[in-house]
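Engineer: Please find the sequence and the predicted model below.
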Amino acid sequence: MCWNCRGLGDPSTVHELCDLARINSPSILCVVETQIAKNRVEGLANTLGFDSAYGVGSSGRSGGLCIFWKNPMQLTLRNFSKYHIDMVVEEQGKDPWRLTVWYGEANRSLRYKTWDMMRYLKADSDLPWCCIGDFNEVLRREEQMGPNDREMAQINLFREVVDACQLCDIGYVGLDWTFERRIQGGEYCRVRLDRVLASAEWSEMFPLATLHHLHAVKSDHSPILLMNEMEAQNQRIVVGKPFRYEVMWERHEEFQSTLEAAWGPSGAGNVEELQAKLLSTAMALKGWGSSSFGAIRT
């Protein structure tokens, strides 16, 4: 799972991240734009339910990345920068593969530095490669909905580096965007900035891998959940206990605001969007209900 959390200095954001980790049970958690120091973000490993962590500190109140992981997975650091953390992943029954979490340069005029780093990393290893994160760019104009159209030249630079690195977008399940912000005039700018890019060799290792767009309250970015066979077995809300709506939740003073925040300000334009909103709202309510009421026996 990966999330641009927009800062982990706020305890309520850490609380939401704990809920996301508990509900979805990822073996590896990647967080970008932590906006806090390296030792502070790494110190959240136990709170979030992970055994190990490696972080890159922020520059003031911008940037910052961290990868958390659980035993028995073994992650070995290859290199890092303010744009990425590159790890070799070893897990039982699989050949080693490579995971890189990315936070693309926010300044458009400097974004080429992220693309140069991707090219450098491509030449550095032949392992099956998975890239996940917020790339701060789109691959097609259709991935930005609403005002503030992107320059085609910037899009083409991203497409060129993806091709040069022999990576493919693995697609997604859920809403068509991972970033949503209301702008002046009441319109919404919605963009697919967060994604997974993978090499053909990685996709052959994990042929059933799927990417799910989730929902979060404390950031204008959606968490993205990469699920393979193992993650599907561990994912408790999809596999195992079904979601149950509890009427007693309605008596809680925070219920209405939690429900509204989970559903989001926009409606569903089609059946696929409705399905995604129902799933993400169920996940948010499940986590809130667990933290507010504890376990409920049925």
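Structural biologist: Noted; the coordinates are in hand.
Engineer: only C-alpha atoms for contact and neighbour calcs from this point on.
Structural biologist: Noted.
Engineer: And stretch 52-72, end to end?
Structural biologist: 11 Å (CA to CA, to the nearest Å).
Engineer: ok, which stretches of the stretch 151-298 of the chain are helices?
Structural biologist: With DSSP state H, counting those that start in this stretch as the criterion, the stretch 151-298 of the chain has helices at 152-164, 200-205, 229-234, 255-263, 271-293.
Engineer: which of the ones you listed is buried the deepest?
Structural biologist: helix 271-293 (a mean of 18; mean count of other CA atoms under 10 Å).
Engineer: Comparing the helices of the stretch 151-298 of the chain by mean pLDDT, which bottoms out?
Structural biologist: Lowest mean pLDDT within the helices of the stretch 151-298 of the chain: helix 229-234, a mean of 54.
Engineer: any chance of the helices of the stretch 151-298 of the chain in a markdown table, plus distance to G93?
Structural biologist: A markdown table is the format used below for the helices of the stretch 151-298 of the chain (distance: least, CA to CA, whole Å):
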| stretch | distance to G93 |
| --- | --- |
| helix 152-164 | 29 |
| helix 200-205 | 11 |
| helix 229-234 | 11 |
| helix 255-263 | 38 |
| helix 271-293 | 31 |
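Engineer: For D86, which of those helices is the nearest?
Structural biologist: helix 200-205 (15.1 Å; CA to CA).
Engineer: name the helices or strands packed onto the closest one?
Structural biologist: Here helix 200-205 touches strand 129-134, going by 3 or more CA pairs under 8 Å, 6 or more residues apart in numbering; DSSP states H and E.
Engineer: Could you rerun that using 7 Å?
Structural biologist: The helices and strands touching helix 200-205, judged by 3 or more CA pairs under 7 Å, 6 or more residues apart in numbering; DSSP states H and E, number zero.
Engineer: so what are the domain limits for this protein?
Structural biologist: As given by automatic domain parsing, the domain ranges for the chain are 2-234, 247-293.
Engineer: what's near enough to touch G146?
Structural biologist: Counting by CA atoms under 7 Å, 6 or more residues apart in numbering, G146 makes contact with Y188, C189, R190.
Engineer: Could I get the phi/psi values of the closest residue to the second one other than its chain neighbours?
Structural biologist: Beyond its immediate neighbours in the sequence, the residue positioned closest to C189 (CA to CA, 6 or more residues apart in numbering) is G146, lying 4.8 Å away. Taking degrees, to the nearest 10, you get phi 100, psi -170 for the backbone angles of G146.
Engineer: since we're on S59, how many residues are nearby?
Structural biologist: Neighbourhood size, S59 [other CA atoms under 10 Å]: 13.
Engineer: among the helices and strands of the chain, which has the poorest mean pLDDT?
Structural biologist: For the chain, the helix or strand with the lowest mean confidence is helix 229-234, at a mean of 54 (criterion: mean pLDDT, DSSP states H and E).
Engineer: where does the protein have low pLDDT?
Structural biologist: 229-243, 268-273, 275-276, 290-291, 293-298 (pLDDT under 70).
Engineer: now with 90?
Structural biologist: Counting by pLDDT under 90, the low-confidence segments of the chain come to 23, 59-62, 92-94, 146-150, 173-175, 182-188, 207-208, 215, 228-298.
Engineer: thinking T13 is in contact with K218, fair?
Structural biologist: Yes. Assessed by CA atoms under 7 Å, T13 is found in contact with K218 at 5.8 Å.
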